[in-house]
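Colleague: the following block contains a protein sequence and its predicted model.
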Amino acid sequence: MSGANRIAGAGRLTPARKVRFMFDGEIYTGLEGDTLASALLANGVHLMGRSFKYHRPRGVLGAGSEEPNALMDISRDSARRQPNVRATVQEVFEGMRAGSQNRWPSLAFDVGAVNDMLSPMFAAGFYYKTFMWPKVAWQKLYEPFIRGAAGLGVAPDEPDPDHYSSRYEHVDVLVVGAGVAGLSAALAAAMSGASVILCDEQAGAGGALRYDTDVTIDGDNGYDWAQNTAAKLTAMDNVRVLTRTTAFGYYAQNFVALCERVTDHLSDPHPDLPRERLWQVRAQKVVLATGAIERHMVFADNDRPGIMLASAARAYLNHYGVAVGSKVGVYTANDSAYAAAFDLARAGVSVPAIVDTRDAPGEGLLSTAADLGIDVMTASAVVGAKGRRRISSMTVEGGRGKTQIPVDALITSAGWTPAVHLYSQSRGKVVWDPETERFLPGDNVQASVSVGGCNGVTGLQETVDEAIAAGRSAALGAGKSKRLSLRIEAAGAIDWSGGMSGSARGAGADSTAKTFVDFQNDVTAKDIRLAVREGMHSIEHVKRFTTNGMASDQGKTSNIHGLAIAAESLGRQMPEVGLTTFRPPYTPVTYGAIVNHSRGKLFDPARKTFSHAWSTKQGAVFEDVGNWKRAWYFPRAGEDMHAAVSRECKTVRETAGVFDASTLGKIEVVGPDAAKFLDLIYTNGWQKLAPGRCKYGIMLREDGFIYDDGVVARMAEDRFHVTTTTGGAPRVLNHMEDYLQTEFPDLDVWLTSTTEQWAVIAVQGPKARDIIAPLVEGIDLSNDAMPHMSVREGKICGAPTRLFRVSFTGEPGYEINVPAHYGQAVLEAVWKQAEPLGACAYGTETMHVLRAEKGFIIVGQDTDGTVTPHDAGLGWAIAKSKPDFVGIRGLKRPDLVAGGRKQLVGLKTKNPETVLEEGAQIVADPNQPTPMTMLGHVTSSYWSPNCGRSIAMALVAGGQDRMGDTLYVPMPDRTIEVEVTGMVFFDEKGERVNG
Amino acid sequence: MLLIYCPYCQEERPELEFAHAGEAHIARPTNMADISDEEFETFFFIRSNPKGLAYERWRHVHGCGCFFNAVRDTVSDKFLATYKTGEPKPDIDSLTKKGDGK
Amino acid sequence: MRKYSIFAVAREAMRGHKGWPKQWTSPEPKKQYDVVIIGGGGHGLGTAYYLASKHGVRNIAVLEKGWLGGGNTGRNTTIIRSNYLYDESAGLYNHAIKLWGDLSQELNYNVMYSARGVMMLAHNVHDVQGAQRHIHANRLNGVQNEWLTPEQAKAYCPPLNISQTARYPVMGAALQRVGGVARHDAVAWGYARGASDLGVDIIQNCEVMGIKRGSNGAVEGVETTRGFIGSKKVGVVAAGHSSVLMQMAGVRMPLESYPLQALVSEPVKPVFPCVVMSNTVHAYISQSDKGELVIGAGTDQYTSYSPTGGLHIISHTLDAICEMFPIFTRMKMLRSWGGIVDVTPDRSPILAKTPVPGLYVNCGWGTGGFKATPGSADVFAHTIANDAPHSINAPFTLERFRTGRLIDEAAAAAVAH
């Protein structure tokens, strides 16, 4: 048996296909296709959760994604656990574990329910008025308490083992919603030849036809027609039907995001399947067929477990075969709930009364009710409900006075709210229809159209006709015009019009009862009135003050009620008070689906150089530089970083070292005007640089600050090999392209990024030449033939090379550029020469130390975007005679020529053993109180094994005039004395480089 | 994600292929070295930032690499036109009449 | 003003909360004011409040085109911190932090300032250098900020992944313990209530259509959808719309407006105790009192007055969140939204007099204006009242873009080398 409340012969599930699952530690049996809610109801379980603030016992309200109450913790195993899942959406599967939330110690007995008794204190916004004394108590006492009480489920505590997927699609027509309107529109569009995606959040097609069993379409029962139509569409090549797929976000230019739940309903999903799949669909036309959402009645204690929407009760009966009670009361303000009552009565459920707020229900309803023996109490209201964990009776007030009627369920309907969420997200402005008192889609801002219930259409045939026309028109708009003769005859649907919004009779302004508007956030009509009383006159203020509509259902059932109550309190019309903007997502979306493949290794793929494997073999430790992995240092057995770097530094200066410099950006600048162009881009002059020679260049932004630097080699009259910093490569190319294309388009120059084309092996040190000489062909390496700062083309190990004689270490050195695919072979050949001579492999840290010993700056470390060439001691690199270059004017601005600017200098600690901390601040007077006057900061600082002391570079206000001065670096535990010096700490005369 | 029509590729491509490059039609002064501080401020820092039609630059950075100009409504984010660098500003009146043109 | 307290709440609870007065009144605009503030967000309402409470100016109107706090005040991720690098910024934001500490008591309105600590992660050597530079500068400026090892960072924020195999492993973090969050709406409402009580006219649904200047160039008042309102002093505090309003007075601004998105998760029980920011992987996150994970994304790349933005921006942010906090992959995005932020070339605000006599501007806060609200409002009120800046906001001029004396916090973050 799959539950005592399962009615034989009712519903569409197969009794033999049983599924066992656990709820709060007990094992239950449901049927395949059941939602957790339907399966629990079948077992007579109505109490499914506790409310957010008052911890009131709550049952299920709906049968779809609008559910505010029945939120569960669902798990497959410990790592596959998900809080806040709607029991009305989650399908049961064998072995599923479900748990109620926000209760302690148990759902039936929850200590937090004491809040309900204290609820007079907890009116809307009470927390703004209190918890202010004593001051420290907010954070120490009140806030932790509030936080502990708030929150619904418990976040997962293990990394998610599931994976997620992503698809992009371009289609002619996207149809959202596979109810009668969506199916009709999709069919019309598809038969016209358009490519179509039809999606629906439910497990299958049908929409309202799931419960509205009186509908006949083309002679079939409506639900059967829907299944047949969906099958027909699925079979078409130009159609993709996606179920369990929610269109959650409508973005600019008809970009709609869908989330498909692929495995959450399966007991044993194939591990290759993604848990969810994100569809990012760009559609020529979007047809919104999202239907309408039923509203509950707002009356005293309308949140008792067992009180639910009429359409939900009908869905539980007609689709799942579950009676929501044995004695079901009905409370309605419109006709649609009658169908639910009749279906229940016909299924043998006792329906003691239909309480209708109206004097006269729709035609024929009274007689049908009479035939079924249902007492209809018109012009009446339910003014109360008893039963803490399950409703036991309703109190009715009306023509016959006040009566109490025993019930074990109460189904309500205040009317239907068109689901205009996606239309609103598309930036459309909803329009108030005074006649039907509904907000309906206004003008379409994007290429979309709303059809059926979400467009306020009531009649079924009218809906179908409108949908077919919309589907056809969408196809035509996309240029698909196959002949179409499609006529669908439909009749028998419930009437969705009419009803009321706001609080019902007996729940008006003078009522002191708890009449819930927003169940999940425990917002009552009183709260909304209080907000208005306190001056919250915009619906946005009301929403924020009361939190109405801000729960995880985003107000699908509560927004209109809240607005109506606010409007009534203000004595204004609803549209004057405004409707809050609907924001994505329509229903909550798993982060995993949005992130999909961008996890782990694909989060941000690492860039590795040609030497990565070799460096790894040499024991390198890597550091992240931008997206690159660069060899940081090469520790040998027993060495820590300090020891390794010290050894590398000494080895390079004593013998030689091999370093991978490939990440430096490289740009080939070619053309008759190449030198002219570089003259504009760099501060330096390039006309006189002879082919075969290199020069250090600085480029500025227009504002005069250093943007990038690097060595530029002239390969030929019309060809330059430009190098940039590692991080700067893409933006420097962009910067150059920008000027070339837009400011200097007359220059005949081509720019090509060659960063990845060249592997660059730096060989630096006194033995550099000895190492590479045996490998090089066709290049005279002698000092005279190839001096420092020159470049030659030739061969190395048989591979073509651009061989640079350049040095970032102050030692004689070469940078071997070879086409990237030769990199590893050449490196291995170089290493074969280098190792026996006692050379070492070195990494970025040693590179940093060696260049600092020589006072070479690193743009981005010693400069930070506020430093001019003059500040950096590079004034010499600004050509004096050029009429123009980028930055020429910015450099002359008043503050850039003012005295006292921060300038780069060297620092030596008075105690040579003390290594300053990079980033440490420098002061003249160490004894001032805070805030202290800071002169600047340490930009680079190292232990220099070659100097046998610490060295540092710093930006110091007026630094170049402070040579020899003593300054101070205050640290938390001490003050370090430093002397301002020049920046060259090693080989001050610079003789070694020519070695 | 916007769809942007590259006037060089003559194709509509997703925004991810493009880089926004600031306000358009701010020409770099030809006498750069000689302009005043105020003129430099206007050139480099001051921006129209209009609410409504904006002239702006884009680069099809992950495509043809070209910079081009666009007219976009900053309220709806709809493009009214894209055009090649160096071409004059299109006539706004005709564009707004045409509506959602390319 | 009816004083708020636990006793007042208890008394009202006995009688169905029928006795609460309006938090602020909504009078018809007068013909003439001494000061008109354009913009009813936290900064604007706060300015009016301090003008009234500290400078004795009572004849003030705050004009808001929509509803109070409906702009960036009500849309931001409420992060508060003051660990800025430069003296000028540290002075401004630390002034704000001091005011945050007493703001609930000052306003008799619980703004829920919660100093839960703001932790800024370092993921590479360059980040570490930058963080250390900030920490040292902050210490000498009297601004609290400290360095944490990865293990200490994990202890402070247990969901943090500090695995060395992460794409960008956490190498440490700068923690400002006095940093934290506050309740954004309460800031607007608290200032509105305080200002209204001091006689300030708070006028909503009143859009400024023009700024009128006299023959001498000075401000004379504003044209609004509710008629002309005269005032010799007008303060523009309009965030993303500052360019538009200043243009009405003929002043072109060094500003660009961008959409900035944020999102919250479904509420869950306390799992995230502090605020974590990462500039390298681009994300910031905290958990609200209600239990939602509040996550800030970046701006879209193009200027816009449409606060929608693209899904790819949110996606990029969630990539980073799930990389740093792998347990959150199964969490769900409940709501996402956008605001329009006005950005200056140096990413620092403009809080200053303008070339137009009687016109003052408070703008350019970019993505981080909420944290400064009380400090900004206080010194802006001083500037308007005295027609001269307070020493704290004196560096935040419009002129700095001419002289080059920028306060470039973004440049100081520099780039990877």
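Modeller: Good, I have the coordinates. Numbers count the residues shown, from 1 in each chain, chains lettered A, B, ... in the order given.
Colleague: which residue is the nearest non-sequential neighbour of the spatially most central residue of chain C?
Modeller: A centroid search over chain C (CA atoms, centre = their mean) returns C:F370, at 1.5 Å, as the residue closest to the centre. Distances taken as CB to CB, 6 or more residues apart in numbering or on different chains place C:N76 nearest to C:F370, at 4.4 Å, with adjacent residues excluded. For glycine as for every other residue, the C-beta is placed from the backbone atoms N, C-alpha and C.
Colleague: also A:T939?
Modeller: A:D862 (4.3 Å).
Colleague: quick check: that neighbour vs chain B, distance?
Modeller: The gap separating A:D862 from chain B is 25 Å, by CB to the nearest CB, to the nearest Å.
Colleague: again with C:T317
Modeller: Separation of C:T317 from chain B (CB to the nearest CB): 15 Å.
Colleague: quick one on the thing from earlier: you'd agree the residue nearest to the centre of chain C is up against C:G74?
Modeller: No: with contact defined as CB atoms under 8 Å, C:F370 does not count as touching C:G74 (9.9 Å).
Colleague: so what sits against both of those two?
Modeller: Common contact partners of C:F370 and C:G74 (CB atoms under 8 Å, 6 or more residues apart in numbering or on different chains): C:H184.
Colleague: longest strand in chain C, by residue count?
Modeller: strand C:332-343 (DSSP state E).
Colleague: that one pairs with which strands, and in what direction?
Modeller: Partner strands for strand C:332-343, per DSSP bridges, with pairing direction: strand A:589-590 (antiparallel), strand C:256-265 (antiparallel).
Colleague: beta partners of the most centrally placed residue in chain B?
Modeller: Central residue check for chain B by CA atoms, centre = their mean: the C-alpha nearest the mean position is that of B:E56, 2.1 Å away. Beta-bridge partners of B:E56, counted by DSSP bridges, are B:E23, B:A70.
Colleague: now do the phi/psi pair for residue 316.
Modeller: Assuming you mean chain A. phi -60, psi -40 (degrees, to the nearest 10).
Colleague: wrong one, chain C
Modeller: The phi/psi pair for C:H316 (degrees, to the nearest 10) is phi -60, psi -40.
Colleague: and residue 41, what does it touch?
Modeller: Let's take chain A. So A:L41 contacts A:3, A:5, A:60, A:316, A:320, A:322, A:324 (CB under 8 Å, 6+ apart).
Colleague: my bad, the chain I had in mind was chain C
Modeller: C:64, C:68-74, C:188, C:237, C:239.
Colleague: redo that, cut-off 6 Å
Modeller: C:69, C:71, C:73 (CB atoms under 6 Å, 6 or more residues apart in numbering or on different chains).
Colleague: confidence score at it?
Modeller: pLDDT, C:G41: 98.
Colleague: next one: A:V111
Modeller: 87.
Colleague: just give the number of residues close to it.
Modeller: 11 (other CB atoms under 10 Å in any protein chain shown).
Colleague: same check, this time on the one 5 residues further on
Modeller: Residue neighbour count, defined by other CB under 10 Å, stands at 19 for A:D116.
Colleague: same check, this time on the one 10 residues further on
Modeller: A count of neighbours around A:F126, defined by other CB under 10 Å, yields 20.
Colleague: leaving out chain neighbours, which residue sits closest to it?
Modeller: Closest to A:F126 by CB to CB, 6+ apart is C:V9, at 5.5 Å.
Colleague: tell me the helix or strand right after the helix or strand hosting the one you found.
Modeller: Take DSSP states H and E as the rule and C:V9 turns out to sit in helix C:6-14. On the C-terminal side of helix C:6-14, the nearest following helix or strand under DSSP H and E is strand C:32-38.
Colleague: average pLDDT across that next one?
Modeller: 98.
Colleague: so how far is the helix or strand following it off the chain centroid?
Modeller: Using DSSP H and E, the helix or strand that follows strand C:32-38 towards the C-terminus is helix C:42-55. Mean C-alpha position of helix C:42-55 versus that of the full chain (CA atoms, centre = their mean, to the nearest Å) differs by 15 Å.
Colleague: which residues sit against helix C:42-55?
Modeller: C:37, C:57-58, C:60, C:62, C:73, C:187-188, C:191-192, C:194-195, C:198, C:200, C:237, C:362, C:373, C:376-378, C:380-381, C:385.
Colleague: same question, stretch A:149-162
Modeller: Contacts of stretch A:149-162 (CB under 6 Å, 6+ apart): A:71, A:73, A:79, A:81, A:83-84, A:101-102, A:275, A:592, C:267-269, C:271, C:290-291, C:326-327, C:329-330.
Colleague: cutoff 8 Å now
Modeller: A:52-53, A:71, A:73, A:78-84, A:101-102, A:112, A:115, A:263, A:274-275, A:520, A:552, A:592, C:266-271, C:289-291, C:326-331.
Colleague: tell me which entries of these lie within helices.
Modeller: Among these, DSSP state H puts A:115, A:592 in helices.
Colleague: now, which of the contacts of stretch A:149-162 lie close to chain B?
Modeller: Applying CB under 8 Å from any CB of the partner chain, the subset of the contacts of stretch A:149-162 adjacent to chain B is empty.
Colleague: taking the contacts of stretch A:149-162 one by one, which sit in strands?
Modeller: A:71, A:73, A:80-84.
Colleague: residues of stretch A:676-693 that come out buried?
Modeller: A:676-686, A:689 (16 or more other CB atoms under 10 Å in any protein chain shown).
Colleague: any idea of the mean pLDDT for it?
Modeller: Here the average pLDDT along stretch A:676-693 is 98.
Colleague: host element of A:A205?
Modeller: Going by DSSP H and E, A:A205 is not in any helix or strand.
Colleague: ok now do it, which residues does it touch?
Modeller: Applying CB under 8 Å, 6+ apart, the residues near A:A205 are A:178-179, A:183, A:226-227, A:229-230, A:241, A:243.
Colleague: same question for C:V244.
Modeller: B:49-51, C:238 are the contacts of C:V244 under CB under 8 Å, 6+ apart.
Colleague: mind doing that once more with 6 Å?
Modeller: With CB under 6 Å, 6+ apart, C:V244 has these contacts: B:K51.
Colleague: list phi and psi for it.
Modeller: phi -60, psi -40.
Colleague: tell me which of the contacts of A:L41 fall in strands.
Modeller: Per DSSP E, the subset of the contacts of A:L41 in strands is empty.
Colleague: and those residues, which is closest to B:L3?
Modeller: Nearest to B:L3 among the contacts of A:L41, counting by CB to CB, is A:V60 at 42.5 Å.
Colleague: isn't the closest one right next to A:T35, touching?
Modeller: No: with contact defined as CB atoms under 6 Å, A:V60 does not count as touching A:T35 (9.3 Å).
Colleague: just want to know which of those two has more residues nearby.
Modeller: A:V60 (32 against 28).
Colleague: so who does the more buried one touch?
Modeller: A:37, A:48, A:70, A:308.
Colleague: if anything else comes up later, I'll come back, but that's it for now.
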